[in-house]
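*Asks:* no sequence on this one, just coordinates:
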Ligand SMILES: NC(=O)c1ccc[n+]([C@@H]2O[C@H](COP(=O)([O-])OP(=O)(O)OC[C@H]3O[C@@H](n4cnc5c(N)ncnc54)[C@H](OP(=O)(O)O)[C@@H]3O)[C@@H](O)[C@H]2O)c1
């Protein structure tokens with residue numbers, strides 16, 4: 001098994017859960033110091049930045065050298081990307097896609113010879129935001145929507161060749177991600193022009209509180225890891241697995257509700273987190 005982004009959160013918990021079930025896990029971390037806490041029976045930490053072609057090539061070589069078949073690749077690494085579309089610098093947009101999409105494509109391409117040979121499985125960790133986008137979350141959601149589209153294509157391309165492709169869509173999970181996201185948001189806020197502050201200041205102030213509430217209501221990494229492990233090991237896997245009741249409900253709702261109704265749902269959810277003086281006014285206007 002290969003799990004990317006295993007230093008913290010769902011990746012670390014999934015590596016541990018798979019090892020507990022008796023699998024040998026190559027667990028990707030970016031820093032030497034992150035190897036130590038992960039070391040356990042069945043877990044072999046490997047240095048892997050999924051945007052570094054040398055790391056990806058070294059991982060493929062390690063898999064080829066290994067004595068075991070490659071049962072699954074869990075594309076879990078990810079970075080947050082909150083901020084208004086207008087404000088997020090293009091370089092940041094590219095960095096978010098570099099990790100949340102292209103890095104996974106690179107790792108998948110590199111491991112495909114082994115996956116095809118061993119009839120392995122690709123498990124892509126998307127998000128509720130791979131199905132629902134809302135004000136303030138555009139860059140992250142765009143990268144996850146793209147991952148969903150890539151996964152649908154890959155599933156159909158590889159099914160005739162015995163490789164299953166599964167998508168996991170978590171709602172809130174209590175991990176390090178929210179902290180990393182808030183630090184990036186604060187840097188973004190510092191770079192905004194006065195006009196942008198006038199347009200998005202209230203939204204920018206709502207996002208940290210919204211993220212905190214979303215994460216607080218979420219499940220633990222251990223619960224998420226059990227669900228990811230199910231996606232990895234189910235004999236006849238579903239194409240998609242959600243994590244948490246909110247993701248299950250909202251993703252189902254997104255399939256049937258008209259766009260304007262979804263807009264109203266997400267906007268009213270965000271509005272609760274606006275500073276009191278802005279609660280009546282949002283960035284979304286409804287003229288129909
Ligand atoms: N937490 C949630 O509420 C939530 C909800 C929906 C979906 N997700 C998705 O779940 C996945 C796991 O996130 P998490 O919540 O467990 O967050 P997390 O604790 O922040 O873990 C993210 C992992 O990705 C790694 N990573 C970041 N950039 C990387 C790169 N370039 N190459 C390799 N690894 C990299 C991080 O390593 P470093 O420690 O080195 O940065 C870390 O191990 C992500 O894809 C995320 O989008 C999370």
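*Replies:* That came in fine, so what should we check first? All values reported here derive from a predicted model rather than from experimental measurement.
*Asks:* what comes up buried for the lengthiest helix in the chain?
*Replies:* The helix that spans the most residues within the chain, counting by DSSP state H, is helix 194-216. For helix 194-216, burial by neighbour count (16 or more other C-beta atoms under 10 Å) applies to 196, 199-200, 202-208, 210-211, 214-215. C-betas here are computed from N, CA, C, even on glycine.
*Asks:* looking only at pLDDT, what's the mean for that helix?
*Replies:* Mean pLDDT, helix 194-216: 94.
*Asks:* what is that helix packed up against?
*Replies:* If contacts are counted by 3 or more C-beta pairs under 8 Å, 6 or more residues apart in numbering; DSSP states H and E, helix 194-216 sits against strand 173-174, helix 177-190, helix 259-271.
*Asks:* contacts for it, please.
*Replies:* 82-84, 86-87, 135-137, 171-175, 178, 181-182, 185, 188-189, 192, 269-271, 273-275, 278, 281-283 (C-beta atoms under 8 Å, 6 or more residues apart in numbering).
*Asks:* again, but for stretch 6-16
*Replies:* By C-beta under 8 Å, 6+ apart, the surrounding residues in contact with stretch 6-16 are 3-5, 25, 27-31, 34, 38, 40, 43, 45, 74, 76-77, 125, 170, 173, 175-177, 220-222, 224-225, 228-229.
*Asks:* contacting residues around the helix or strand of the chain with the lowest mean pLDDT?
*Replies:* Least confident element among the helices and strands of the chain, by mean pLDDT, DSSP states H and E: helix 177-190 (a mean of 88). For helix 177-190, contacts defined as C-beta under 8 Å, 6+ apart pick out 9, 78-83, 87-88, 92, 204, 207-208, 211-212, 214-215.
*Asks:* so which of these also contact the ligand?
*Replies:* Residues of these in contact with the ligand (C-beta under 6 Å from any ligand atom): 9, 78-79, 215.
*Asks:* can you tell me which residues in the stretch 1-150 of the chain are near the ligand?
*Replies:* 4-11, 28, 30, 48-51, 76-79, 99, 103, 125, 127.
*Asks:* and the longest strand for the protein?
*Replies:* For the chain, the strand with the greatest residue count under DSSP state E is strand 164-170.
*Asks:* that strand packs against which elements?
*Replies:* Judged by 3+ C-beta pairs under 8 Å, 6+ apart, the packing partners of strand 164-170 are strand 121-125, helix 138-158, helix 221-233, strand 240-243, helix 245-256.
*Asks:* so what's the residue positioned nearest the centre of the chain up against?
*Replies:* Centroid-nearest residue in the chain, with C-alpha atoms, centre = their mean: residue 126, separated by 4.4 Å. Neighbour list for residue 126: 144, 147-148, 151, 167-169 [criterion: C-beta under 8 Å, 6+ apart].
*Asks:* now it: phi and psi?
*Replies:* With angles defined as degrees, to the nearest 10, residue 126 sits at phi -100, psi -130.
*Asks:* what's the pLDDT at it?
*Replies:* The model reports residue 126 with a pLDDT of 98.
*Asks:* how close does it get to residue 144?
*Replies:* Separation of residue 126 from residue 144 (C-beta to C-beta, to the nearest Å): 5 Å.
*Asks:* show me where the stretch 1-150 of the chain has its helices.
*Replies:* If DSSP state H, counting those that start in this stretch is used as the criterion, the helices of the stretch 1-150 of the chain fall at 9-20, 35-38, 53-65, 90-97, 104-118, 138-158.
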